[in-house]
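Asker: this is a predicted model, with the sequence first.
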Amino acid sequence: MKKMFMAVLFALVSVNAMAADCAKGKIEFSKYNGDNTFTVKVDGKEYWTNRWNLQPLLQSAQLTGMTVTIKSNTCESGS
């Protein structure tokens, strides 16, 4: 059991270590795209996701004025 916990912990740390903070701030706008993706603009850059479970969270953050941090492996605008 301890080995399994350590393996899961290592996997989570590894994934988080690969992702960099790309942008931090309030969501300036959000929109649905025709190709089943969702775009948000943070810190002057647009980022999109095709993960539908993130959309309600991002919209809630926009409506309440929360600060968000966009993490990605590439940190390219539009990714």
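Answerer: Ah, there it is.
Asker: sketch out the strands for the chain, chain order is fine.
Answerer: Here the chain has its strands, by DSSP state E, at 20-32, 38-42, 45-49, 67-72.
Asker: how about Asn53, what does it touch?
Answerer: Residues near Asn53 by CB atoms under 8 Å, 6 or more residues apart in numbering: none. (C-beta placed from N, C-alpha, C; glycine too.)
Asker: could you measure from the residue nearest the centre of the chain over to Asn36?
Answerer: Geometric centre of the chain, nearest residue: Ile70, 4.5 Å, by CA atoms, centre = their mean. The gap separating Ile70 from Asn36 is 20 Å, by CB to CB, to the nearest Å.
Asker: before we move on, what about Thr49?
Answerer: 10 Å.
Asker: which one of the two has more residues nearby?
Answerer: Thr49 (16 against 8; other CB atoms under 10 Å).
Asker: what pairs with the closest residue to that one other than its chain neighbours across the strands?
Answerer: Sequence neighbours aside, Phe38 is the residue nearest to Thr49 in space, at 5.6 Å (criterion: CB to CB, 6 or more residues apart in numbering). Counting by DSSP bridges, Phe38 is bridged to Tyr32, Thr49.
Asker: again with the one 4 residues further on
Answerer: Applying DSSP bridges to Val42 gives these bridge partners: Ile27, Lys45.
Asker: quick one, what contacts it?
Answerer: 23-28, 68, 70.
Asker: which residue sits closest to Cys22, ignoring its sequence neighbours?
Answerer: Using CB to CB, 6+ apart, the closest residue to Cys22 is Cys75 (3.9 Å).
Asker: ok, Gly34 to Val40 distance?
Answerer: From Gly34 to Val40 the distance is 16 Å (CB to CB).
Asker: list the buried residues of stretch 31-48.
Answerer: Within stretch 31-48, the residues scored as buried using 16 or more other CB atoms under 10 Å are 38, 40-43, 45-47.
Asker: quick check, nearest of those to Pro56?
Answerer: Phe38 (10.0 Å; CB to CB).
Asker: any regions of this structure where pLDDT drops low?
Answerer: 1-18, 77-79 (pLDDT under 70).
Asker: what do you get if the cut-off is 80, keeping everything else the same?
Answerer: Along the chain, the parts satisfying pLDDT under 80 run over 1-19, 74-79.
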